[in-house]
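**Student:** Quick check, what structure comes out for this input:
(2 chains)
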There are 2 protein chains.
Amino acid sequence: MAAVYVSDAQHNRNIFFETQPQAVRLYLLYNHWLLVVLLYFFIIVNLLLAVVEQPALLPVPTWASMLVELVCLSVFSGRLVHYAKVIPRDKFWKDPKNLCILVILLLTLVDMIIYGALKATDIYSVRWSRVFRPLLLVNFTEGRQLRRAFRSIRNALPQILSVFLLFIFSILIFSLMALKLFGKRGLKTNSGKPYFTNFLEIVFDLYVLVTTANSPDIMMPAYNASSFFAVFFVIFILINTYIFMSVFLAVVYNNYKKYLKEEVRQLVRTKRHKMVRAFAILQERREGLEEPVVSHASWNQLVRLVQADLSHAHRELLWSVADQHNQGYIGKLAFVQLADLLNIQVIAVKSRPHPLQRWSPSLYLSTPSRWLCRAVQHRVFVMVYDVIILVNAVFIGLDEEDPLIRNSEWFFLALYLLEILLKLYAMEPRAFYSRHNFWNWFDTIIIVSALVATIINTAMTSVGGYSSRQILDIVFTLRVLRLIRVVDSIKRFRVIINTLIKIGPTMLTFAQLIIVVYYIFAMVGMELFQGRIQFFDSDSPGKHSCGNPALQDSSFAQLNYCKNNFNNVVSSFILLVELTVVNQDDLGPPNLVDAMETTDNNLRTGEPQTRLMFKISSTRYRTVDSLLQRMFEADLDPEDFGGEDDPEESSNFNFSNPVFSSI
Amino acid sequence: MAAVYVSDAQHNRNIFFETQPQAVRLYLLYNHWLLVVLLYFFIIVNLLLAVVEQPALLPVPTWASMLVELVCLSVFSGRLVHYAKVIPRDKFWKDPKNLCILVILLLTLVDMIIYGALKATDIYSVRWSRVFRPLLLVNFTEGRQLRRAFRSIRNALPQILSVFLLFIFSILIFSLMALKLFGKRGLKTNSGKPYFTNFLEIVFDLYVLVTTANSPDIMMPAYNASSFFAVFFVIFILINTYIFMSVFLAVVYNNYKKYLKEEVRQLVRTKRHKMVRAFAILQERREGLEEPVVSHASWNQLVRLVQADLSHAHRELLWSVADQHNQGYIGKLAFVQLADLLNIQVIAVKSRPHPLQRWSPSLYLSTPSRWLCRAVQHRVFVMVYDVIILVNAVFIGLDEEDPLIRNSEWFFLALYLLEILLKLYAMEPRAFYSRHNFWNWFDTIIIVSALVATIINTAMTSVGGYSSRQILDIVFTLRVLRLIRVVDSIKRFRVIINTLIKIGPTMLTFAQLIIVVYYIFAMVGMELFQGRIQFFDSDSPGKHSCGNPALQDSSFAQLNYCKNNFNNVVSSFILLVELTVVNQDDLGPPNLVDAMETTDNNLRTGEPQTRLMFKISSTRYRTVDSLLQRMFEADLDPEDFGGEDDPEESSNFNFSNPVFSSI
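**Tutor:** All right, here's what the predicted structure looks like:
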């Protein structure tokens, strides 16, 4: 029971499960990684169904796609029933997200039946329930971060709204002024139409000017009439594009931060509550001590249950952090920190001997071998390979029709392979390929794939005299990707890249958010506009009108935009990306600002070590939640973390993340 | 002497002047507001000379403009000599900004002589020293904030540079990949040119794609060839437009904040040092006290010298804040706070009787008169006028050819005038027009100007049957501006507007910065491109080529862009604004974020008061420097403020801004 509480605190789960042994076992099953992965798999399958459904990219019979959807639905229902059995009945029905899932599942079922029936009688019908699919991603318990982001955005809406209204008011005032100033002057736009005579058109034109899409065209007729009118447009852009957009950014950033902080505070409070409950289960009274404590033995048993893969040494390390005075027991304060301690990623750098050393110690430890190992780890070795990469870049840029250049590829591939082999010779392979060595993995995968692709390509060319365009594309891409390696050997670049990799998980939440929004728009767009615009590959007669008489000789068709349509889910997504880009709606994740502040302590591993060592990894916080807690740590009021069960003790607790420096 | 130190601390001046009486008197003269205003006036005149110099907007003889410039130069030289007399000789020559001013003045003189000589012999020459003019704005002591902004930007450059290099590297890698993927496919762009075959052209195209200016055109040929290629462009935009631009923003924001914090810390340290010096002059020993103190009498004398316009009551208020225990003397800690206390704007709300009450008390205090006063201050009165404004907006939008609508203007003007008169009747006029009542001033100015302009316009129409377009423009503009009033009666809007007004001074620094940059670019642009593109008002033959054969039938000429040229200083500035807007280089002042956090405690004045009261104005910090100090207050380490003279005492000093709540 205590292990379940600690595990929940560690992973910031907040499910109020029942405490009978049967329910706890069900709850453990519910949190099993296999079931969670399965759920995500089926959510993705469910979302991907749009590829094979009408309007389809890969058409399959309707019954097949509906069968897959039924399987997904039953998996979701099963998950929901499982959840209902874990938590108390009344809590289940009070939670809006469960009701939301239930309604979505029912609506989807109804829609499928109607669609199937109408399809059987050959009547056209719409699969409207597809719009709800991404909401499943949001509402299943596992989408916690996503839900938090949504909630923060929703809470910020009222303040954003008042700025938005003021912004609209400003545009209306400017439009009225434009109507009065320019409407009676008889000016003409470049296409000969009357300039600024209709109020609603002015409002629209000025709104577009805020996005700067029609600048400076919208200004030119007035500017040509008198230089003074430029002042009107400059003030308009200053107020509406610069000042208002900055205020929007400020309000969104401020509110988002405020609500996120509140959510994180709630999270910390819940975590502490769980840990206190676990403590209450394990606590024992000792003579001469006023406060109850937890002994080393029960602590050990607990940690072994919570995280079975922890090595004995790692567990001892954690204990020595908790029990700083070596008393053999810890109090409540030290115990509560366990959830955070478990989240700190510690890399055990064991000095395993190199396999070659075990195989033939005399050879591996001989002078030339040692000299080679030192040479590989020398700065000059890295620089030589940087130069090789740059020469390679020049060769890639040159025309590969020349046989000399084409064959040079083999030479470079051999050099890169040699580099990896030399490094593997000098360093212990398991340390070289440990989980946090992103660049070693990157190198090996890129170069082995490039080798395989090049061999296949050469084989096909020599056999059939024909080289596949697809394989060539892959070969070229891999060849160019190899050059990215240079980044790793320049320290300043490595810092930036590592920072970006570190904040990756946070950005993934936003990516999910965007996918949810895009998916809904794509579904609606496909039902509304599907087939209106057609793309013709060859020079067919419809090419100049995108298959739509209304677009005959329009600039849309002339610019060859016909493929920007809603005819299938892929082109819908690409079109939505294009619309996002043109509108320049980038607010930029504010987390970047804080994340850039963390100093980079990327550790080079593989240096020969003589004893067992622990290093705190640079990606210290494995989960997004821990990262968030750390971000707001300075802002969180320690007084505010009082647990619900013993408020008189709350002021003793300080929830700063534990530090290893004390050892 | 002490008063000079306190005054310097209050205004954050940091000039190391000599302490002889003669030098101090010179220093006081140097800081006199009249001389500072004069200096700014001549700097503006010097900058505005570009309007009358070749290529001129308003041509004047060369000798006239050069005469004015000579006057400016002599004023600047005089200021510099004055400064040299105030500070020690060696300090003067060590300060790079003095040397910079000296060099600029000498170069300008040399340039003027060369230009004059060449002009006299009719040889074309360039006034190259004009580029340096805005640097005078930066380098004179009064441009302190501007210099600080420049310094912060310069200090952030190295970090920005490394991100920029990585960004360039990313574009090069993508370009190489694009060359390999698309170069050999024989694709054509929309205009029939080969697509992505030249490496340098690809680099340029992809760089433009980062600004999204050529999206989606640049993608269409590849996308039309295969949907998969869209992935390349989506990843490119994701990495370079979104991620890299966010990293740029984060790095700039972070660094700017960091260096600004350091500068503000320096500022606070200097301020404290000055205050400690002033204390050392005034201090006296009292029996039974270990520490020296300053008596009420000498404090009073000091404050009267520093700020002569402070009322006796205000001074007593400040003293009661400093001397909280009513001891008749204050210690060092309380004394040092004086500089901040003086910067807190306190509005004395005196209940002066209404002039009409003094004139005829029985009439003004009669029941109908009192009822009227209450009615004017009632919520309904405000709402009635909001409705009137909205009706007025509709009338303005309608066609003013209709005589009914044209004459309605008189009716609305009368209503607005009546509103002001009623308010003046109900409230004390001096309170109504006090300095912080922005909206009352706004109302009165707009409505009186509208009245004057409308009368002039009607008079001209009725006399000559002719209505001047310029006067009409002014009338219309004022009429529309009147509508902004609605904003003030909606509380949420008022908060936003007041916040913007509050951070106005900070934004002004950035405006100066932008003007400096624009001015330099305009000067260089005018010398390089002047006359290359001509604007023709009527349908002259040159209209379709902007007077330049190279532009014959170009899209630039077709879009009527001819007036976007460098032919004079005004069109240069407008062109530079257009370029800024199209490139969307808006980072948004980060101060907005913090400034939005301050709650708005806008005070309605004019409510009848029965006793003398003090209110802390919402614009609590009169100077940008105080605002900055408040912004970073939480971040500044109180331990770090140790004075140079008595380090052992430094930990006692805590520089939080004084609060009035203690009284």
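**Student:** which regions of chain A sit below the pLDDT cut-off?
**Tutor:** Applying pLDDT under 70 to chain A picks out residues A:141-143, A:345-351, A:399-400, A:465-467, A:538-542, A:582-663.
**Student:** Show me the domain layout of it.
**Tutor:** As assigned by automatic domain parsing, chain A contains the domains A:2-146, A:147-348+A:620-663, A:358-427+A:438-495, A:504-595.
**Student:** Save these as JSON lines, and put in mean neighbour count too.
**Tutor:** Yep, even glycine has a C-beta here, placed from its N, CA and C like the rest. JSON lines is the format used below for those (neighbours: other Cβ atoms under 10 Å in any protein chain shown):
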{"stretch": "domain A:2-146", "mean neighbour count": "16"}
{"stretch": "domain A:147-348+A:620-663", "mean neighbour count": "17"}
{"stretch": "domain A:358-427+A:438-495", "mean neighbour count": "15"}
{"stretch": "domain A:504-595", "mean neighbour count": "17"}
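**Student:** which residues does the residue nearest to the spatial centre of chain A contact?
**Tutor:** Geometric centre of chain A, nearest residue: A:Leu508, 1.0 Å, by Cα atoms, centre = their mean. Contacts here follow Cβ atoms under 8 Å, 6 or more residues apart in numbering or on different chains; on that basis A:Leu508 touches nothing.
**Student:** and it, how far is that from B:Gly547?
**Tutor:** 56 Å (Cβ to Cβ, to the nearest Å).
**Student:** any idea which helix or strand comes after the strand or helix carrying A:Leu157?
**Tutor:** Assessed by DSSP states H and E, A:Leu157 sits inside helix A:144-182. For helix A:144-182, the following helix or strand on the C-terminal side (DSSP H and E) is helix A:199-210.
**Student:** and that next one with helix A:144-182, angle?
**Tutor:** Counting by axes from the mean of the first three to the mean of the last three Cα atoms, to 10 degrees, helix A:199-210 lies at 120 degrees to helix A:144-182.
**Student:** Contacts for the next helix or strand after helix A:199-210, please.
**Tutor:** Where DSSP H and E defines the elements, the next helix or strand beyond helix A:199-210 is helix A:220-225. Applying Cβ under 8 Å, 6+ apart, the contact partners of helix A:220-225 are A:181-182, A:185, A:187-190, A:195-196, A:216, A:229-230, A:232-233, B:535, B:537, B:559-561, B:563, B:574.
**Student:** please redo it, this time with the cut-off set to 10 Å
**Tutor:** A:178, A:181-182, A:185-190, A:193-196, A:216, A:228-230, A:232-233, B:535-537, B:559-564, B:571, B:574, B:578 (Cβ atoms under 10 Å, 6 or more residues apart in numbering or on different chains).
**Student:** Distance from the chain centre to whichever helix or strand comes after that helix, please.
**Tutor:** Per DSSP H and E, the first helix or strand lying C-terminal to helix A:220-225 is helix A:229-236. Here the centre of mass of C-alpha atoms in helix A:229-236, compared against the chain's by Cα atoms, centre = their mean, to the nearest Å, lies 41 Å away.
**Student:** And helix A:229-236, what does it pack against?
**Tutor:** Judged by 3 or more Cβ pairs under 10 Å, 6 or more residues apart in numbering or on different chains; DSSP states H and E, helix A:229-236 is in contact with helix A:144-182, helix A:199-210, helix A:220-225, helix B:569-583.
**Student:** Rebuild the ones you listed as TSV, extending it with distance to A:Glu287.
**Tutor:** Listed next are those as TSV, based on distance: least, Cβ to Cβ, whole Å:
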stretch	distance to A:Glu287
helix A:144-182	44
helix A:199-210	75
helix A:220-225	90
helix B:569-583	76
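**Student:** To A:Leu137, which of those lies closest?
**Tutor:** Smallest distance to A:Leu137 across the helices and strands packed on helix A:229-236 (Cβ to Cβ): 7.0 Å, for helix A:144-182.
**Student:** centre of the chain versus the closest one, how much separation?
**Tutor:** Counting by Cα atoms, centre = their mean, helix A:144-182 comes out at 27 Å from the chain centroid.
**Student:** same question, stretch A:191-211
**Tutor:** 40 Å.
**Student:** touching chain B at all, that stretch?
**Tutor:** Yes - counting by Cβ under 10 Å from any Cβ of the partner chain, chain B is contacted by stretch A:191-211 at A:199, A:209, A:211.
**Student:** what do you get for stretch A:499-506?
**Tutor:** Yes - using Cβ under 10 Å from any Cβ, stretch A:499-506 comes into contact with chain B via A:499-500, A:503.
**Student:** Now, those residues that are in strands?
**Tutor:** Assignment to strands by DSSP state E places none of those there.
**Student:** Compile these into JSON lines and extend it with columns for distance to B:Ile455 and neighbour count.
**Tutor:** Shown next, in JSON lines, are these (distance: Cβ to Cβ, whole Å; neighbours: other Cβ atoms under 10 Å in any protein chain shown):
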{"residue": "A:Thr499", "distance to B:Ile455": "65", "neighbour count": "20"}
{"residue": "A:Leu500", "distance to B:Ile455": "65", "neighbour count": "19"}
{"residue": "A:Ile503", "distance to B:Ile455": "64", "neighbour count": "20"}
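**Student:** any idea which of those is closest to A:Ile396?
**Tutor:** A:Leu500 (24.9 Å).
**Student:** which residues of the stretch 401-550 of chain A fall in helices?
**Tutor:** A:403-426, A:429-432, A:438-464, A:469-481, A:486-489, A:491-502, A:504-529 (DSSP state H, counting those that start in this stretch).
**Student:** out of those helices, which comes closest to A:Leu338?
**Tutor:** helix A:504-529 (22.7 Å).
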